[in-house]
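Visitor: Sequence below, structure please.
(2 chains)
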Amino acid sequence: MLSNKQWLSAKTTAKTTALGLLAAMFSLQLSAHTMTVVPSHYVQSKTGGWVSVDVSATNMTFQWDKGIPLENFKVFTPDGQQGKVDSVYQGKRKSQADVELATEGTYRLELGNGSRFFTSYELKGERKRLMANKKDRAAQLPAGAEKVVTTQGNSRALAFITVNKPSDAVLALTNKGLEFQFDRHPADIVATEEVTVTLLMNGKPAAGVELDLSRDGELYRNEPERMHHKTDASGKFSFTAPVAGRYLLEASYQADVSNELTDKVREGFTLSFEAALP
Amino acid sequence: MKLHSMALAATLAFSTLLVPAQAADTLNIALELPKPEHGPYHRPYVAVWIEDAKEQPVKLIELWREKPDWIKDLRRFWRKTGRSDQALVDARTGATKGPGKYQLSWNGQDNSGKAVAAGQYLLVVEAAREHGGRNLVKQAFNWDGSAVDIQVKAGSEIGAIQLSKGAK
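Guide: Numbering: from 1, shown residues only, chains lettered A, B, ... in the order given. Coordinates of the predicted model:
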């Protein structure tokens, strides 16, 4: 989530936090924090209204822990174009933005800054990272750096909002990176009904993608009741939301690629959605 | 004479197959909206409709609502019908109603005015009230010319429902 410049300034002010959050954005599942985008409403029955959107890095699902910068928070309107985000505020525990829903159809909320490279290494037994790809890393690595691995990472946090009739433009695949395709519109996810999702990597069904489905209220249950899934050979997995409510789907995919820019690729996204009352 | 009447009976039986037997029938729906005992009262938003055996909407009978903002709170109605058919929503919209008994009916036709095929259908009633709850009633009934006499017991937002059949 942090640009190089922010990264440098953040480094001096809140090194530990920035490191944690950066790691979180590159690895939604493996790190302590999960980036989450949650609109106040997923479904609206009139145009011209607003939703307020909460964005936070969390440990428990929907339990806000850290507000994060929203420079790379975007809304895509039902025509597929990028729209305007208002009233951006970064709080300690969560950030917030308002989004106007001027037209009918489905909107996509997206937090993410595209594909980025980082190189991790060890120096005298301490793990470190720097923002460089495989070509540029040599100039930046300190002498004595060991276990050098460059990863191309991309993480997004997503949510869809539907005003009146659902539309598909913001669901269109780009065939780049890790993407998903539901067997129904996201506005049609209903508790107790089975949903099948296909995960795609660069447009092709991706087997072995790790998925974690959690639901609201973990703070008030002894068992988090998370559901773990892995995509099959055809890139598919199915789930049934047991009860109506808000859910978070976290997906992550890793592969060794070893090209001139990177050693590894790590892609992930989180999608918050609601399972409606039947 | 006997032959003639047999032929007539055969014709009747045959026409029964061709023309939906229930063409002239009406499903009477006696619906009660309860009076809640606690809290401030706002009239509920109510939708009454028919779904086929595959739970697809067939006919919107009544929609009692005010501002569009809150129609979405009739979750099933909004998902199945409301969100994608504004014209139908507008055509069927009526004012919200307070506690009391209401007599509704269905003439066996779908939203386009065509008689539905014989089979099993669902009466669906959904009610949602500001500062109150939401209720959904799904009651199956056979629409094949046979008698209908079904009582649905009351919930918190939707009172007792009685389904019967007869010419209106």
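Visitor: Report the beta-bridge partners for the nearest residue to A:Ala255 once chain neighbours are set aside.
Guide: The shortest distance from A:Ala255 to any non-neighbouring residue, by C-beta to C-beta, 6 or more residues apart in numbering or on different chains, is to A:Val265 (5.1 Å). From N, CA and C alone the C-beta is placed, and that goes for glycine too. With beta bridges defined as DSSP bridges, A:Val265 has these partners: A:Gln152, A:Ala255.
Visitor: tally of neighbours for A:Val265?
Guide: 21 (other C-beta atoms under 10 Å in any protein chain shown).
Visitor: What residues does it make contact with?
Guide: Residues near A:Val265 by C-beta atoms under 8 Å, 6 or more residues apart in numbering or on different chains: A:151-153, A:253-255, A:257.
Visitor: which residues of chain B fall in strands?
Guide: Per DSSP state E, chain B carries strands over the ranges B:27-33, B:45-52, B:57-64, B:93-94, B:100-106, B:119-128, B:134-143, B:149-152, B:161-165.
Visitor: how close does the residue nearest to A:Ala255 get to chain B?
Guide: Between A:Val265 and chain B the computed distance is 38 Å (C-beta to the nearest C-beta, to the nearest Å).
Visitor: residue contacts, the residue of the stretch 51-200 of chain A found nearest chain B?
Guide: The stretch 51-200 of chain A approaches chain B most closely through A:Lys165 (4.5 Å), counting by C-beta to the nearest C-beta. A:Lys165 is in contact with A:104-105, B:83-84, counting by C-beta under 8 Å, 6+ apart.
Visitor: And for A:Glu274?
Guide: A:42-43, A:189, A:244-247.
Visitor: Pull up the per-residue confidence for it.
Guide: Looking at A:Glu274, its pLDDT is 98.
Visitor: Show me which residues of the stretch 101-250 of chain A are close to chain B?
Guide: A:162, A:164-166, A:187-188, A:190 (C-beta under 8 Å from any C-beta of the partner chain).
Visitor: which of the residues you listed sit farthest apart?
Guide: A:Asn164 and A:Val190 (18.0 Å; C-beta to C-beta).
Visitor: More neighbours: which of those two?
Guide: A:Asn164 (26 against 19).
Visitor: ok, and the closest non-adjacent residue to that one?
Guide: Residue nearest to A:Asn164 in three dimensions, not counting chain neighbours: A:Glu104, with 4.3 Å by C-beta to C-beta, 6+ apart.
Visitor: Give me the pLDDT value at the one you found.
Guide: Reported pLDDT for A:Glu104: 97.
Visitor: same question, the one 10 residues further on
Guide: The confidence metric pLDDT takes the value 84 at A:Gly114.
Visitor: give me phi/psi at it?
Guide: phi 80, psi -170 (degrees, to the nearest 10).
Visitor: wouldn't A:Phe73 be in contact with A:Arg108 here?
Guide: No - using C-beta atoms under 8 Å, A:Phe73 is not in contact with A:Arg108; the gap is 11.5 Å.
Visitor: Turn the contacts of A:Val265 into a markdown table, columns for pLDDT.
Guide: Formatted as a markdown table, the contacts of A:Val265 follow (pLDDT from 0 to 100):
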| residue | pLDDT |
| --- | --- |
| A:Thr151 | 94 |
| A:Gln152 | 93 |
| A:Gly153 | 92 |
| A:Tyr253 | 95 |
| A:Gln254 | 93 |
| A:Ala255 | 92 |
| A:Val257 | 89 |
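Visitor: re earlier: which one of the contacts of A:Lys165 is nearest to B:Val48?
Guide: For the contacts of A:Lys165, the nearest to B:Val48 is B:Arg83 (17.6 Å; C-beta to C-beta).
Visitor: so who does the closest one touch?
Guide: So B:Arg83 contacts A:43, A:45, A:162, A:164-166, A:187, B:72 (C-beta under 8 Å, 6+ apart).
Visitor: Pipe those into a markdown table and attach secondary structure and pLDDT per row.
Guide: What follows is the contacts of B:Arg83, written out as a markdown table (DSSP: H, G, I helix; E, B strand; the rest coil; pLDDT from 0 to 100):
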| residue | secondary structure | pLDDT |
| --- | --- | --- |
| A:Val43 | strand | 97 |
| A:Ser45 | coil | 96 |
| A:Thr162 | strand | 98 |
| A:Asn164 | coil | 97 |
| A:Lys165 | coil | 97 |
| A:Pro166 | coil | 97 |
| A:Ala187 | helix | 97 |
| B:Lys72 | helix | 95 |
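Visitor: Excluding covalently adjacent residues, which one is nearest to A:Asp79?
Guide: A:Ala169 (6.1 Å).
Visitor: Tally up the residues packed near the one you found, please.
Guide: A total of 15 residues lie near A:Ala169 under the criterion other C-beta under 10 Å.
Visitor: hang on, it packs against A:Gly80?
Guide: Yes - counting by C-beta under 8 Å, A:Ala169 does reach A:Gly80; the two are 3.8 Å apart.
Visitor: Let me know the pLDDT of A:Asn59.
Guide: Predicted confidence (pLDDT) for A:Asn59: 93.
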